[in-house]
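Engineer: what shape does this take:
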Amino acid sequence: MKALCYHGPRDIRFESFEDAKLQDDRDVVVKMERCGICGSDLHIYHGQGFSPDLGFCVGHEAVGEVVEVGRSVVQYRPGDRVMISAAVGCGACGPCLAGEVNQCRNNAMQCYGLSHRLEGCQAEAIRVPAGDFNLAKIPDGLTADQALMLTDNLPTAWFGCRNAGISAGQTVVVVGLGPIGLMAVESAFVLGASRVFAVDFVAERRALAAELGATPLHPDTAVAELMEATSGRLADCAVEAVGADASIKLAIALVGRQGVVSVIGVNQTANFDFPMGMAFFKSLSFRIGTCSVPKFWPELVPLIQGGRLHPEQFISHTLPLADGAEAYRLFDARADGALKMVMTA
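Structural biologist: From the prediction side, this is the model:
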């Protein structure tokens, strides 16, 4: 089969790769229909990956069609159209069955496309371990693009908003307006925020946030403008969707007393200089972590079906998998209005 593989900084190649095949009786093989590039994939692209491996298949977002199942699989058959959770668990322990993949008691939690340990989803076919648990049939009324956004981006945005404790009437600030940040803006309104402020360096992304009803702010002037807009109270909570040191510190600066900062951007700084004095003075709650994707499907699917959330609107490009290297280049450069990049088999 063909796949996108990582060979070093900014070196993603579309090349022949070992066919996805069953390795366990609980495995399922899925023929990829659509896959996406996540912002966290850029860490790998820049050479700051999560393992020293080279030549592995990248990506952790995909939907497709079941083509082969292990003999212990009971819920899926060839022909089923499915979405794949970006993070997988054993599917047998209590936390996994409750949707808390990150708490897997059998230490089976892993993510696609970070190393050879679990090959990625930017390929013509994908091996899904514990398929009965780590897959879901595409729900009625959802398009393939909407289902693709449920494999990681939208649950992560929703998780970030939930971690921020957003409730009715609150003032919320979202720092970083990539696809996940923009989904967080929309999610914040659904959760009851009365005002949402949206911060990014890129004017076009601020304009998209404004179309969602948010008040756009440039990072350089965000604190002063938010102070003025809130009569000095600042925001009740912040969702940070970049992961850079500077943007995390900005999120902390943008919330007021007893505020909550929720970080969902991936930060790889070994020794982050946390502004402890400011956090102490404000009595802040600081939360950071990754999302257990399946946990949020029961909440998010009805919101999409009911027209409350529209994650597909943030897809800017759809290219064939063969053009994956160009898709990465455009996404990294934020060129040609690049936002959410989707690739097809």
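Engineer: which residues touch L154?
Structural biologist: M183, S187, L300, L309, P311 (C-beta atoms under 8 Å, 6 or more residues apart in numbering). To be clear about C-beta, it is placed using only N, CA and C from the backbone, and glycine gets the same treatment.
Engineer: what is the burial count for L191?
Structural biologist: Neighbour count of L191, defined by other C-beta atoms under 10 Å: 17.
Engineer: list the contacts of stretch 312-331.
Structural biologist: For stretch 312-331, the external contacting residues (C-beta under 8 Å, 6+ apart) are 2, 4, 10, 12-14, 32, 35, 37, 41-42, 45, 122-124, 143, 145-146, 149, 179, 182-183, 208, 335-345.
Engineer: now stretch 170-177: average pLDDT?
Structural biologist: Per-residue pLDDT over stretch 170-177 has a mean of 98.
Engineer: now that stretch: buried residues?
Structural biologist: Neighbour counts over stretch 170-177 (16 or more other C-beta atoms under 10 Å) mark Q170, T171, V172, V173, V174, V175, G176, L177 as buried.
Engineer: contacting residues around A86?
Structural biologist: Contacts for A86 (C-beta under 8 Å, 6+ apart) come out as C38, H60, E61, C111, Y112, T151, D152, V293.
Engineer: of the contacts of L154, just say which sits nearest to D220.
Structural biologist: Closest to D220 out of those is M183 (24.5 Å), distances taken as C-beta to C-beta.
Engineer: which one is the closest one nearest to, not counting chain neighbours?
Structural biologist: Spatial nearest neighbour of M183, excluding adjacent residues (C-beta to C-beta, 6 or more residues apart in numbering): A157 at 3.7 Å.
Engineer: got the phi/psi numbers for the one you found?
Structural biologist: phi -60, psi -40 (degrees, to the nearest 10).
Engineer: that one contacts S262, correct?
Structural biologist: No: judged on C-beta atoms under 8 Å, A157 makes no contact with S262 at a distance of 10.5 Å.
Engineer: neighbour count for those two, which is higher?
Structural biologist: Neighbour count, other C-beta under 10 Å: between A157 and S262, A157 has more, with 31 against 26.
Engineer: if I look at that one, how far off is R287?
Structural biologist: As judged by C-beta to C-beta, to the nearest Å, A157 and R287 stand 14 Å apart.
Engineer: same question for G70.
Structural biologist: Shown here: G70 relative to R287, a distance of 37 Å by C-beta to C-beta.
Engineer: domains for this protein, by residue range?
Structural biologist: 2-152+292-344, 159-288 (automatic domain parsing).
Engineer: can you list the residue ranges for strands in the stretch 151-300 of the chain?
Structural biologist: 171-175, 195-199, 215-217, 235-240, 255-263, 285-288 (DSSP state E, counting those that start in this stretch).
Engineer: make JSON lines from the ones you listed and add distance to A270 to it.
Structural biologist: Listed next are these as JSON lines, based on distance: least, C-beta to C-beta, whole Å:
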{"stretch": "strand 171-175", "distance to A270": "22"}
{"stretch": "strand 195-199", "distance to A270": "26"}
{"stretch": "strand 215-217", "distance to A270": "30"}
{"stretch": "strand 235-240", "distance to A270": "19"}
{"stretch": "strand 255-263", "distance to A270": "16"}
{"stretch": "strand 285-288", "distance to A270": "15"}
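Engineer: so for C96, which of these sits nearest?
Structural biologist: strand 285-288 (21.9 Å).
Engineer: contacts for that closest one, please.
Structural biologist: Contacts of strand 285-288 (C-beta under 8 Å, 6+ apart): 163-165, 252, 258-264, 267, 279.
Engineer: now C104, nearest residue through space, not along the chain?
Structural biologist: With C-beta to C-beta, 6+ apart, the residue lying closest to C104 is G89, at 4.1 Å.
Engineer: remind me which residues of the stretch 51-200 of the chain are low pLDDT?
Structural biologist: For the stretch 51-200 of the chain, no stretch has pLDDT under 70.
Engineer: 90 instead?
Structural biologist: 99 (pLDDT under 90).
Engineer: hey, where'd the helices end up in it?
Structural biologist: Using DSSP state H, counting those that start in this stretch, the helices of the stretch 51-200 of the chain run over 94-97, 131-134, 144-149, 153-163, 179-190.
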